[in-house]
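A.B. asks: structure for this input, please:
(one chain, ligands or ions: 1)
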Amino acid sequence: MTTAASQRLVIATRESPLALWQANHVRDRLLALYPDMTVELLGMTTKGDQILDRTLNKIGGKGLFVKELEAALAEGRADLAVHSMKDVPMVLPEGFAIAAISERETPYDAFVSNRYASLADLPAGAVVGTSSLRRESQLRARFAHLTIKPLRGNLGTRLGKLDAGEFDAIILAAAGLKRLGYAERIRETLSAEDSLPAPGQGALGIEILDARDDLKALLAPLNHAATAACVQAERALSRRLGGSCQIPLGAFAEDDDGFLRLRGFVANPDGTDMVYAEANGSRAAANGLGLQVADLLLTEGAAEVLKRLATAAAD
Ligand SMILES: NCc1[nH]cc(CCC(=O)O)c1CC(=O)O
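C.D. replies: Residues are numbered from 1 along each chain as shown. Next up, the predicted model:
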């Protein structure tokens, strides 16, 4: 058994520029804590990166981005996998754990356009690119006059399609744009009222094999308690509602000195039957808060919305 100081760790990561930025960020933080450690990246291509002509909800959802990385952990080819928490399924496979969630970058969605300064400026028929049912339902609820078209691919690809004139505007996570140095392309940061973020948006998670107690101690300093509690509440809400990217759902928690406010919504993809709920609770009870807001949503109409979505998906 080597000590942490001289340990060699391998981080499994997707090879998109954003994933590599995130893996390098975790490596830098580890090296700052443990200067004598060796940290290497193992780049991998996932199914979610390969299949770009269909929307994620049609090809199996979020799990597509993490399965290959988990296989590398299980086979001992890597010690850690770094993920955007937004891409991590609500239920981890048996034997895996999220050992740390680092401090959140901005959680909000961003409006990006070469022609218009804000969402409210878009004229009738303007074409907005997004493949997220969460973003689409919220846009349609407030701006029924817009045309929503699918947009997939990594960040650079998406900006390229906007620049090629395929869209009047696109909606992206502000966090990814900031990390990759594209902050100046954000024309408007959408508030939580404009576009409630996705569970885990803007937060990074480090996944390990649950049995690796050695890594848990080592990674503990990278965990940010407030972010971890917010993400836990958001994910508990989403999990209770069967959360996946097949459901138009948002969940967003904010931590004010140990006191959480959690907001959630569910709607039809066309923005109708929008159900919204929120509640407050202590950081220590984050999981229960998620379940509480999920139950509020269910009793206020989300149960019917989810049932209709399930029926439609089975057709
Ligand atoms: N769905 C892909 C994805 N996963 C995480 C991010 C952004 C970074 C983050 O939320 O941490 C993005 C891109 C986007 O939604 O624009």
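
A.B. asks: pull the number of nearby residues for G63.
C.D. replies: When neighbours are counted by other C-beta atoms under 10 Å, G63 registers 18. Just so you know, the C-beta spots here come from the backbone N, C-alpha and C atoms, and that holds for glycine as well.

A.B. asks: if you could redo that for D295, that was the one I meant.
C.D. replies: Neighbours of D295 (other C-beta under 10 Å): 17.

A.B. asks: what distance do you get for G301 to E254?
C.D. replies: Separation of G301 from E254 (C-beta to C-beta, to the nearest Å): 24 Å.

A.B. asks: for the residue lying closest to P199 once chain neighbours are set aside, which residues are in contact?
C.D. replies: Among residues not flanking P199 along the chain, E234 sits closest, at 3.8 Å (C-beta to C-beta, 6 or more residues apart in numbering). By C-beta atoms under 8 Å, 6 or more residues apart in numbering, E234 lies in contact with P199, G200, A251, F252, A253, L262, G290.

A.B. asks: where are the low-confidence patches of the protein?
C.D. replies: 1-6, 47-62, 244-245, 315 (pLDDT under 70).

A.B. asks: the ligand contacts on that one?
C.D. replies: S84, K86, D87, L172, A173, A175, G176, Q201, G202 (C-beta under 6 Å from any ligand atom).

A.B. asks: which non-adjacent residue is nearest E304?
C.D. replies: D273 (7.5 Å).

A.B. asks: tell me which element the residue nearest to P199 falls in.
C.D. replies: Using DSSP states H and E, E234 sits within helix 225-240.

A.B. asks: chain center to that helix, what's the gap?
C.D. replies: 12 Å (C-alpha atoms, centre = their mean, to the nearest Å).

A.B. asks: buried residues in the helix or strand just after that helix?
C.D. replies: Per DSSP H and E, helix 225-240 leads on to strand 249-256 as the next helix or strand towards the C-terminus. By neighbour count on 16 or more other C-beta atoms under 10 Å, the buried set for strand 249-256 is L249, G250, A251, F252, A253, E254, D255.

A.B. asks: same question for stretch 92-107.
C.D. replies: F96, I98, A99, A100, I101, S102, R104, E105, T106, P107.

A.B. asks: tabulate those in JSON lines, adding columns for distance to R115.
C.D. replies: Shown next, in JSON lines, are these (distance: C-beta to C-beta, whole Å):
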{"residue": "F96", "distance to R115": "44"}
{"residue": "I98", "distance to R115": "40"}
{"residue": "A99", "distance to R115": "44"}
{"residue": "A100", "distance to R115": "41"}
{"residue": "I101", "distance to R115": "37"}
{"residue": "S102", "distance to R115": "36"}
{"residue": "R104", "distance to R115": "31"}
{"residue": "E105", "distance to R115": "27"}
{"residue": "T106", "distance to R115": "24"}
{"residue": "P107", "distance to R115": "26"}
